[in-house]
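Novice: Turn this into a model:
(one chain, ligands or ions: 3)
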Amino acid sequence: MATDFKSIPLIDIGPLVEKSDDPNLAEDQRVAEVVRQLDKACREAGFFYVTGHGIPDSVVKEIRSISRQFFDLPFEEKLKLKLSAATGYRGYQRVGENITKGVPDLHEAIDCYKEIKPGMYGDLGEVMEGRNQWPSDPPHFNKLMEGYVNRCTDLCRKILRGIALALGGPLDMFEGNIAGDPFWVLRIIGYPIVCHSSDKEMPDVKNDVGCGAHTDYGLLTLVNQDDDITALQVRNIDGEWISAAPVPGTFVCNIGDMLKILTNGLYESTLHRVINKSAKYRVCVAYFYETNYDAAVEPLDICVQKSGGAKKFDGAVYGKHLVSKVVNNFVM
Ligand SMILES: N=C(N)NCCCC[C@H](N)C(=O)O
Ligand SMILES: O=C(O)CCC(=O)C(=O)O
Ligand SMILES: [Fe+2]
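Specialist: Ligands and ions are numbered 1, 2, ... in the order given. This next block holds a predicted model:
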């Protein structure tokens with residue numbers, strides 16, 4: 001459960017990352033300390049920074065800088081990648097096109113999802129079927145992002161092995177039917193500065209909130225945010241908004257709805273929002289590590305036992321949860 005946390009903890013997960021494929025992981029004292037910190041952070045805030053993650057800073061920065069290059073393009077160029085139901089909701093959305101709780105958000109973005117081939121998941125997958133739409137310039141945009149997705153996938157699998165231990169379960173607790181074949185989402189997001197009125201990219205956006213309060217949908221999110229702008233805010237149990245100010249070299253990592261269900265609420269998917277009050281356009285690339293697309297997610301027995309013995313949440317099929325969000329996320 002979220003608490004009245006006032007700041008977001010920072011965890012050096014180096015020992016876990018180095019040893020994550022070692023079958024004796026659980027016996028390592030440095031790993032045990034990381035696991036203890038993960039448990040505390042997940043219980044208290046559902047948000048934490050990670051260092052020692054092993055993804056080179058040069059890669060993390062390049063991902064943001066080529067994203068910024070894309071957002072700098074003329075609107076007409078960006079529109080060539082326009083997202084629609086026909087593209088499987090993959091591609092570019094202009095400022096104000098994404099809505100959160102009925103209000104248009106002050107951000108533009110490219111949404112990408114793991115490929116779903118026609119018929120792969122039957123009716124469950126149909127809405128999300130399609131291939132991603134990548135900018136053609138710079139030519140290596142696609143390769144760079146795909147490489148980044150692979151690194152993030154690998155990192156999240158390792159963090160989840162730590163979380164499995166934190167919950168007192170076996171190392172592979174989230175593999176197999178849960179996330180042995182994890183789905184992923186990548187959102188490349190730009191948050192304009194708040195001001196001007198008659199920009200054609202922002203027809204009717206009277207809102208100055210970059211992204212309204214929401215929870216993420218899957219297991220774990222990795223936020224790669226600009227180093228010099230504080231905009232992401234996390235809500236604590238008293239309703240206070242705690243800033244996740246950038247800490248260079250780290251990712252902000254947070255828990256999604258599927259991990260809340262699996263843990264029977266021991267860990268919560270914490271509400272967060274984004275407000276860019278700075279004088280600079282903000283770039284963020286958010287990677288979402290999800291369960292298998294067709295996973296039927298239910299509270300894990302071990303977590304039910306640890307939380308009083310009663311199931312607090314109904315089960316959910318991840319793909320259904322995603323589709324129910326995605327089809328309501330856009331005004332098009
Ligand atoms: N895949 C994820 N988590 N995307 C987060 C987007 C949050 C905003 C969205 N309009 C909403 O209301 O959910
Ligand atoms: O821009 C950010 O810092 C976070 C974005 C976010 O919460 C999301 O896309 O789900
Ligand atoms: Fe989010």
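Novice: can we go C-alpha only for contacts and neighbour counts from here?
Specialist: Noted.
Novice: For the stretch 201-332 of the chain, what lies in contact range of ligand 1?
Specialist: Within the stretch 201-332 of the chain, the positions lying close to ligand 1 (CA under 6 Å from any ligand atom) are 214, 216-217, 329.
Novice: what do you get if the cut-off is 8 Å, keeping everything else the same?
Specialist: Residues of the stretch 201-332 of the chain lying close to ligand 1 (CA under 8 Å from any ligand atom) are 211-218, 221, 256, 288, 322, 325-326, 328-330.
Novice: Point out where the chain drops to low pLDDT.
Specialist: Low-confidence segments of the chain (pLDDT under 70): 1, 196-206.
Novice: Leaving out chain neighbours, which residue sits closest to the residue nearest the centre of the chain?
Specialist: Central residue of the chain (CA atoms, centre = their mean): residue 221, 3.0 Å from the mean position. Spatial nearest neighbour of residue 221, excluding adjacent residues (CA to CA, 6 or more residues apart in numbering): residue 288 at 4.5 Å.
Novice: May I ask you to name the longest helix in this structure?
Specialist: Across the chain, the longest stretch assigned as helix under DSSP state H is helix 141-166.
Novice: Mind checking if it is in reach of ligand 1?
Specialist: No. Figure legend: helix 141-166 not in contact with ligand 1 (CA under 8 Å from any ligand atom); closest approach 14.3 Å.
Novice: quick one: contacts for residue 234?
Specialist: By CA atoms under 8 Å, 6 or more residues apart in numbering, residue 234 lies in contact with 241-244, 270-273.
Novice: If we ignore the residues flanking it in sequence, what's nearest it?
Specialist: For residue 234, ignoring the flanking residues on the chain, the nearest one in space by CA to CA, 6+ apart is residue 272 at 4.3 Å.
Novice: What is the neighbour count of the one you found?
Specialist: For residue 272, the count of nearby residues is 22 (other CA atoms under 10 Å).
Novice: So which residues of the stretch 151-300 of the chain form helices?
Specialist: 257-262 (DSSP state H, counting those that start in this stretch).
Novice: who does the residue in it that ligand 2 sits nearest to bridge with?
Specialist: Of all residues in the stretch 151-300 of the chain, residue 232 sits closest to ligand 2, at 4.6 Å by CA to the nearest ligand atom. For residue 232, the beta-bridge partners under DSSP bridges are residue 274.
Novice: I'd say it and residue 277 touch.
Specialist: No. Residue 232 sits out of contact with residue 277 when judged by CA atoms under 8 Å, with a separation of 10.6 Å.
Novice: out of those two, which sits in the more crowded spot?
Specialist: Applying other CA under 10 Å to residue 232 and residue 277 shows that residue 232 carries more neighbours, namely 22 against 19.
Novice: now that one: how far from residue 68?
Specialist: 18 Å (CA to CA, to the nearest Å).
Novice: now swap in residue 139 and tell me
Specialist: Counting by CA to CA, the separation of residue 139 from residue 68 is 15 Å.
Novice: which one of these two has more residues nearby?
Specialist: Here residue 139 and residue 68 are set side by side on neighbour count (other CA under 10 Å), and the busier one is residue 68, at 18 against 10.
Novice: Leaving out sequence neighbours, find the closest residue to that one.
Specialist: residue 283 (6.4 Å).
Novice: Can you give me the neighbour number for that neighbour?
Specialist: Neighbourhood size, residue 283 [other CA under 10 Å]: 25.
Novice: got the contact list for it?
Specialist: Taking CA under 8 Å, 6+ apart as the test, what residue 283 contacts is 64, 67-68, 188-191, 225-226.
Novice: From those residues, pick the one nearest residue 98.
Specialist: residue 189 (11.1 Å; CA to CA).
Novice: beta partners for the closest one?
Specialist: residue 109, residue 284.
Novice: Who are the contact partners of it?
Specialist: Counted by CA under 8 Å, 6+ apart, residue 189 has contacts 67, 107-110, 283-286.
Novice: Of the residues you listed, which are in range of ligand 2?
Specialist: For ligand 2, the contacts drawn from the contacts of residue 189 by CA under 8 Å from any ligand atom are 283-286.
Novice: picking up where we left off before, which strands and helices lie in contact with the longest helix of the chain?
Specialist: Contacts defined by 3 or more CA pairs under 8 Å, 6 or more residues apart in numbering; DSSP states H and E place helix 141-166 against helix 14-19, helix 29-44, helix 57-71, strand 282-289.
Novice: Next, count neighbours for residue 47.
Specialist: For residue 47, the neighbour count with other CA under 10 Å is 28.
Novice: Surely it and residue 39 touch.
Specialist: No. The criterion here is CA under 8 Å, and residue 47 misses it with residue 39 at 11.0 Å.
Novice: How many residues are close by the residue nearest to residue 221?
Specialist: 29.
Novice: Could you give the bridge partners of it?
Specialist: Under the criterion used here (DSSP bridges), residue 288 is bridged to residue 185, residue 221.
Novice: what residues are up against residue 7?
Specialist: Residue 7 neighbours (CA under 8 Å, 6+ apart): 242-244.
Novice: Looking at those, which are in strands?
Specialist: With DSSP state E as the criterion, strands contain 242-243 from among the contacts of residue 7.
Novice: Looking at the contacts of residue 7, which one is closest to ligand 1?
Specialist: Nearest to ligand 1, judged by CA to the nearest ligand atom, of the contacts of residue 7 is residue 244 at 16.4 Å.
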